[in-house]
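Visitor: Sharing a sequence plus its predicted fold:
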4 protein chains.
Amino acid sequence: KNPIALIAGPCVIEDRERTLKIGRGIKAIADRLGIPYIFKASYDKANRSSYQSFRGPGLKDGLETLDFIKKELGVPVLSDIHDITQVEPAAAVLDVLQIPAFLCRQTDLVYSAGRTGRVVNVKKGQFLAPLDMKNVIAKIREAGNEKILLTERGFSFGYNNLVVDMRSLPIMRSLGYPVVFDATHSVQLPGGAGTTSSGQREFVSYLTRAAVGIGIDALFMEVHDNPAEALSDGPNMLYLDQLEDLLQDVLALDAVVRRHK
Amino acid sequence: KNPIALIAGPCVIEDRERTLKIGRGIKAIADRLGIPYIFKASYDKANRSSYQSFRGPGLKDGLETLDFIKKELGVPVLSDIHDITQVEPAAAVLDVLQIPAFLCRQTDLVYSAGRTGRVVNVKKGQFLAPLDMKNVIAKIREAGNEKILLTERGFSFGYNNLVVDMRSLPIMRSLGYPVVFDATHSVQLPGGAGTTSSGQREFVSYLTRAAVGIGIDALFMEVHDNPAEALSDGPNMLYLDQLEDLLQDVLALDAVVRRHK
Amino acid sequence: KNPIALIAGPCVIEDRERTLKIGRGIKAIADRLGIPYIFKASYDKANRSSYQSFRGPGLKDGLETLDFIKKELGVPVLSDIHDITQVEPAAAVLDVLQIPAFLCRQTDLVYSAGRTGRVVNVKKGQFLAPLDMKNVIAKIREAGNEKILLTERGFSFGYNNLVVDMRSLPIMRSLGYPVVFDATHSVQLPGGAGTTSSGQREFVSYLTRAAVGIGIDALFMEVHDNPAEALSDGPNMLYLDQLEDLLQDVLALDAVVRRHK
Amino acid sequence: KNPIALIAGPCVIEDRERTLKIGRGIKAIADRLGIPYIFKASYDKANRSSYQSFRGPGLKDGLETLDFIKKELGVPVLSDIHDITQVEPAAAVLDVLQIPAFLCRQTDLVYSAGRTGRVVNVKKGQFLAPLDMKNVIAKIREAGNEKILLTERGFSFGYNNLVVDMRSLPIMRSLGYPVVFDATHSVQLPGGAGTTSSGQREFVSYLTRAAVGIGIDALFMEVHDNPAEALSDGPNMLYLDQLEDLLQDVLALDAVVRRHK
């Protein structure tokens, strides 16, 4: 029964200074609250709605920045991988390799991530029943890896909308691995803004409290000092200056339900 | 910022002794925990899957039993009405008139319930967007009644399944009325057992904690001393002897989030 | 293997002249094409989104108008019933008693409609799996009535949207009764216009052709000479002057698939 | 207004003889009926539910078999690509590069497929609104390619189920490119058999007729001489000996609706 952990950072690496600044801000809060912290940022947004959208610094520069932040802040780092060619260089830097939701059934990607021996965090596809994550788990175990995290980030609910089925959290926990709730992607409205996805930041704190009330192992949130300026996922990222208040609730709620975990 | 209230009782009035016994058991728990308690039971299950299923004692006998329980326990009573002919006799006994989910758009029923001046609890249809409850509210206000409760009990999610979209709780609260979470109907699997609905009792406590973590005004639960023997909704009712433990969590979680309500 | 039938008319009885005029227009087309025709109009819209919306002439005047049209045009008439008190007077005039989708599980209404011996057309609820119509059928058969029609009109698909699962047509046909496709309610966007439902008339002809390609027994459509002026369901009703063209396709498609029915 | 085309073949390349035999059987039918035919088979099933499942001969051997079939039968060939490293070798053999549904938003894969100048067939993701295919199209056009096909193969509908929203066919056609209906994947039940996907072959002919009744440009079907022995997608593939009968309906229905296309 470990304390709840936090996976957080900006959606995408924008520039080294800003990325570090956001990570530093989150780490200060996590330290004050005694929450284990894993830094998160993407080096490449490989499935943006639009071809024109900003994608990030790319694999090489991005991993360098992540390595820099890892050392600077002294925290583990997580990023998502999109292709088997990225697995090896990513595993040289990252502590946690994340499989994006759309790619959660790509056998080679999942298996090769497993082969690295790194922790693998799989986001459950917007099309996948929670119990079917057992097949994803089997692919990673086949690679000899038991260090698996399972993340809920919403399920398709008609067009341009997602719903979080909170039953998925205990269902995935019953598969034997820690469960993460992704509070900021769960409020995305995919394609909701025509050529980009929209989002409902106003529900992030509600869904976070709901998930923590159920009992989860970690919370995943994209956080930015000024989401209005963010180059990706602005509409659903949390403001850095609202994070501490929310995490105080998280800790208090987690203390109530921890005996059930 | 009132304390969270409890609406609870067996799904249907089975016989007077057992119904009273369940109500007395719940009341003792609510008293110990300082939770305001409203007794709930149906006099008629008007929309059972099957014609052969038990429906209850009917309007006259059922209201007599509810009146008896109201006096015996000294608590307000709630039951659901299905037809405008039932509104007047029901309002003579009941403190809260409940509009079943399937009937939430039946203008005459909703309006005439409003006309009685009693509290009206509307269950949101399994087909209704949370924001569309504003139109239901308008029908009751048109009848000169502001004593309205809005209840979430799940939304259609493919066939024979419901999902609770936790966003609906803050959305409905934003309409200006207290919001109730129905924890036991939300885990129904409609038609899931062929000629009856099935249910997933194992998720009741999880969804309850999630909803309370968001911030609600009341919790609705069907409770039975032995659901395995129950004449309706057995698969999703909560065991009476598990109620107190769950309500202790509810109070602790509510204390954390009350400032947000 | 009867020819495909047509159930059509305006959503609601507006005034006797206009209602008759629409019915006369449809009948002329049906006669030209050799399609059996049943006139449809509602005397009361009992579940409008908004309390302020037009509801129709009511039971007494409405049934008089339907009786007048029945005699004037020499066609059977269908209308929907909302309450057990309406069953007897409605059955005195109507050839087909229709159970609205929201009410398809109300045992008393369905059973008492069955008791009249009239044909009963049940619209499958937006929340009901096609196979679960077997339980609705059982309620009508329990009343000693085998004259049953089953209608598809869309299933809840996220908020403010419906989807037609075309598999429901063969599934319901496998239950042993004629199946109707409601082409104009299937394109409703429930609550999609804030205080009223919106609709997508542009998809009526597509969905009609799809359903006929599968193989159905009857087509249900709301038709108006000027939907822009209609007092209910304007956005999804078909223009009368587009009906004949669509029905020509219907007949040609039905001729191809009739051997499968 | 071209005649409707057929994209068909076994789900996966099993062995050269059997694959050729199936292709030859389909071609004979297509020739008799005058239907343009494109052979389809996968060289790698990159997203099987289970790690243990058969995946196919792999890129090199698979492309050789496809090249052999292309020459032997004298028909264009289509296969799906999963990774940017596969794009160039695949484009050297294939006439149509297919983007799998789960990968329809992977910018690099879509763009690089576009760069080859080959026809690109994009399967709409089970999570993607039909109108959002405009953003996928834009990525291919950005690569200087206008030879685009858009395929419907079902949308997530609760867990372990898909629904075909037939509105998607005219919506995607309105984007300006030919639209394909994938009749055999649309009846998959993803994960429906625990460690594999199940399927509902009994609905293939119904959905095919519905889609053709709407008006499509091509039909995609996986066909096998004995699906019970197939190494992938057995439960939803069509029997080769049922294909001609179904295609006769297709041609007759298409003749009726062609003027609308």
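Guide: Nice, thanks for sending it over.
Visitor: Would you tell me which strand is longest in chain A?
Guide: strand A:218-224 (DSSP state E).
Visitor: Can you name every helix or strand that the helix or strand just after it contacts?
Guide: Next helix or strand after strand A:218-224 toward the C-terminus (DSSP states H and E): strand A:238-239. If you count contacts as 3 or more Cβ pairs under 8 Å, 6 or more residues apart in numbering or on different chains; DSSP states H and E, strand A:238-239 packs onto strand A:218-224. The C-beta positions use only the backbone N, C-alpha and C, and glycine is treated the same way.
Visitor: pLDDT (mean, whole number) over the strand it packs on?
Guide: In this model, strand A:218-224 has an average pLDDT of 98.
Visitor: In PDB, could you pull the C-alpha coordinates for that strand?
Guide: Provided in PDB are the C-alpha atoms of strand A:218-224 (Å, rounded to 0.1, in the frame of the first residue of the first chain):
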ATOM      1  CA  ALA A 218      -1.000   7.000  -9.400                       C
ATOM      2  CA  LEU A 219      -2.400  10.100 -11.000                       C
ATOM      3  CA  PHE A 220      -1.400  11.300 -14.400                       C
ATOM      4  CA  MET A 221      -1.900  15.000 -15.300                       C
ATOM      5  CA  GLU A 222      -0.600  17.300 -17.900                       C
ATOM      6  CA  VAL A 223       0.300  20.600 -16.200                       C
ATOM      7  CA  HIS A 224       1.400  23.900 -17.700                       C
END
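Visitor: What is it packed up against?
Guide: strand A:5-9, helix A:16-33, strand A:37-40, strand A:179-182, helix A:204-214, strand A:238-239, helix A:243-257.
Visitor: For those, give me CSV that also has mean pLDDT and mean neighbour count.
Guide: Below are those laid out as CSV (pLDDT from 0 to 100; neighbours: other Cβ atoms under 10 Å in any protein chain shown):
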stretch, mean pLDDT, mean neighbour count
strand A:5-9, 98, 26
helix A:16-33, 97, 18
strand A:37-40, 98, 25
strand A:179-182, 98, 26
helix A:204-214, 98, 27
strand A:238-239, 96, 18
helix A:243-257, 98, 19
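Visitor: Residue numbers of the stretch 1-150 of chain A in contact with chain D?
Guide: Contact residues, the stretch 1-150 of chain A versus chain D (Cβ under 8 Å from any Cβ of the partner chain): A:46-51, A:55, A:82-85, A:102-103, A:105-108, A:111, A:125-132, A:135, A:138-139, A:142.
Visitor: re earlier: what comes into contact with the longest strand of chain A?
Guide: Outside strand A:218-224, the residues that touch it by Cβ atoms under 8 Å, 6 or more residues apart in numbering or on different chains are A:4-11, A:22, A:26, A:38, A:40, A:149, A:151, A:153, A:178-185, A:204, A:208, A:211-212, A:230, A:233-234, A:236-240, A:243, A:250.
Visitor: ok, now with 6 Å
Guide: A:5-8, A:10-11, A:26, A:180-184, A:230, A:233, A:237-238, A:240, A:243 (Cβ atoms under 6 Å, 6 or more residues apart in numbering or on different chains).
Visitor: Can you give the distance of it from its chain's centre?
Guide: Put simply, strand A:218-224 sits 7 Å off its chain's centre (Cα atoms, centre = their mean, to the nearest Å).
Visitor: Tell me which residue of the stretch 151-261 of chain A lies closest to chain C.
Guide: Going by Cβ to the nearest Cβ, chain C is nearest to A:Gly158 of the stretch 151-261 of chain A, at 1.7 Å.
Visitor: which residues touch the closest residue to that residue other than its chain neighbours?
Guide: Leaving aside its sequence neighbours, A:Gly158 sits nearest to C:Gly158 (Cβ to Cβ, 6 or more residues apart in numbering or on different chains; 1.7 Å). C:Gly158 makes contact with A:157-158, A:161, according to Cβ under 6 Å, 6+ apart.
Visitor: List the strands paired with the one helix or strand in chain A whose mean pLDDT sits lowest, with their directions.
Guide: Least confident helix or strand of chain A, by mean pLDDT, DSSP states H and E, is strand A:198-199 with a mean of 90. Paired neighbours of strand A:198-199 in the sheet (DSSP bridges): strand A:188-189 (antiparallel).
Visitor: can you list contacts of the strand it pairs with?
Guide: Under Cβ under 6 Å, 6+ apart, the answer for strand A:188-189 is A:160-161, A:197-199, A:236.
Visitor: For stretch A:152-163, measure first residue to last.
Guide: 10 Å (Cα to Cα, to the nearest Å).
Visitor: Skipping its backbone neighbours, what lies nearest A:Gln126 in space?
Guide: Using Cβ to Cβ, 6+ apart and skipping residues adjacent in sequence, the residue nearest A:Gln126 is D:Phe127, 4.3 Å away.
Visitor: wait, is that neighbour part of a helix?
Guide: No - assessed with DSSP: H, G, I helix; E, B strand; the rest coil, D:Phe127 is coil; it does not lie in a helix.
Visitor: Surely it touches A:Gly125?
Guide: No - between D:Phe127 and A:Gly125 there is no contact under Cβ atoms under 6 Å: 7.6 Å.
Visitor: Residue of chain A nearest chain B, please.
Guide: Nearest to chain B in chain A, going by Cβ to the nearest Cβ, is A:Gly213, at a distance of 2.9 Å.
Visitor: re earlier: how close does the residue of the stretch 151-261 of chain A closest to chain C sit to C:Tyr159?
Guide: To C:Tyr159, A:Gly158 is 7 Å away according to Cβ to Cβ, to the nearest Å.
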